[in-house]
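Engineer: No letters, just coordinates:
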């Protein structure tokens, strides 16, 4: 069962990429993002894609330009996540057959991102919108649009955000921080998955 959780591996190094990716998949997380402000992100992504691209949805985060979209596509990755809603980045991602999850916070940004072709919306930072804000935005969005909460969403409040309409979550430091061992990541990923499963009932 693939859960709608994106592991955000900010700061991961190429040497860690494959073992940590393996640990995440084993724990039940099959959507993985390497932010572009990590060390040698394209190499980390390429190593993950080469090892697990058939079983996991792997890609880049903090993607700000169409040039970077092309570079990520060249690794074989299939996911583009941004902190902002740049129509050119969204269109470039879709033209290359990749999934696009731009960062949005307001209804205006949500609808502009969808008009550009986004597959789903990343509410960022999620704690600024909160549960009540998510309910309000979900009331006007097309019901089929998946909304992911990122920043301030985690095991403690999965249930509240799911009830408010969140389809999934992007999880960073709850799963990975530079310096965490594979064992650390495994334990944390399992905890996140268990909390998500419990919240979903």
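Structural biologist: Alright, I've got the coordinates. Just so you know, these numbers come straight off a predicted model, no measurement behind them.

Engineer: what's residue 185 in contact with, if anything?
Structural biologist: When contacts are counted by CB atoms under 8 Å, 6 or more residues apart in numbering, residue 185 touches 20, 23, 24, 175, 176. C-beta coordinates here come from the backbone N, C-alpha and C atoms, glycine included.

Engineer: what do you get if the cut-off is 6 Å, keeping everything else the same?
Structural biologist: Taking CB atoms under 6 Å, 6 or more residues apart in numbering as the criterion, residue 185 is in contact with 20, 23, 176.

Engineer: what does residue 3 give?
Structural biologist: Counting by CB under 6 Å, 6+ apart, residue 3 touches residue 196.

Engineer: next one: residue 69
Structural biologist: 80, 89, 92, 93.

Engineer: Three-state assignment for the third one, please.
Structural biologist: When you say that, I think you mean residue 92. At residue 92, secondary structure determined by DSSP: H, G, I helix; E, B strand; the rest coil is helix.

Engineer: what do you get for the second one?
Structural biologist: In three-state terms, and counting by three-state DSSP, residue 89 is helix.

Engineer: State the phi and psi torsions of the residue nearest to the spatial centre of the chain.
Structural biologist: When CA atoms, centre = their mean is applied to the chain, the residue found nearest the centroid is residue 6 (3.8 Å). For residue 6, the backbone dihedrals are phi -100, psi 120 (criterion: degrees, to the nearest 10).

Engineer: all helices of the chain, in order?
Structural biologist: Along the chain, the stretches classed as helices by DSSP state H are 14-27, 41-52, 66-74, 87-95, 107-116, 126-140, 158-164, 182-200.

Engineer: could I get these as TSV with distance to residue 60?
Structural biologist: As requested, the helices of the chain are exported to TSV (distance: least, CB to CB, whole Å):
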stretch	distance to residue 60
helix 14-27	12
helix 41-52	6
helix 66-74	4
helix 87-95	10
helix 107-116	17
helix 126-140	20
helix 158-164	24
helix 182-200	19
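
Engineer: right, so of the ones you listed, which gets closest to residue 150?
Structural biologist: With distances scored as CB to CB, the stretch of the helices of the chain nearest to residue 150 is helix 126-140 (5.6 Å).

Engineer: Any buried residues in the closest one, and which?
Structural biologist: 126, 129, 130, 131, 133, 134, 137, 138 (16 or more other CB atoms under 10 Å).

Engineer: Against which helices or strands is it packed?
Structural biologist: In terms of contact count using 3 or more CB pairs under 6 Å, 6 or more residues apart in numbering; DSSP states H and E, helix 126-140 is assigned the packing partners helix 158-164.

Engineer: Which strands or helices does the helix it packs on pack on?
Structural biologist: When contacts are defined as 3+ CB pairs under 6 Å, 6+ apart, helix 158-164 sits against helix 126-140, helix 182-200.

Engineer: For residue 109, which of the ones you listed is the nearest?
Structural biologist: Closest approach to residue 109 among the helices and strands packed on helix 158-164 is made by helix 126-140 (10.0 Å; CB to CB).
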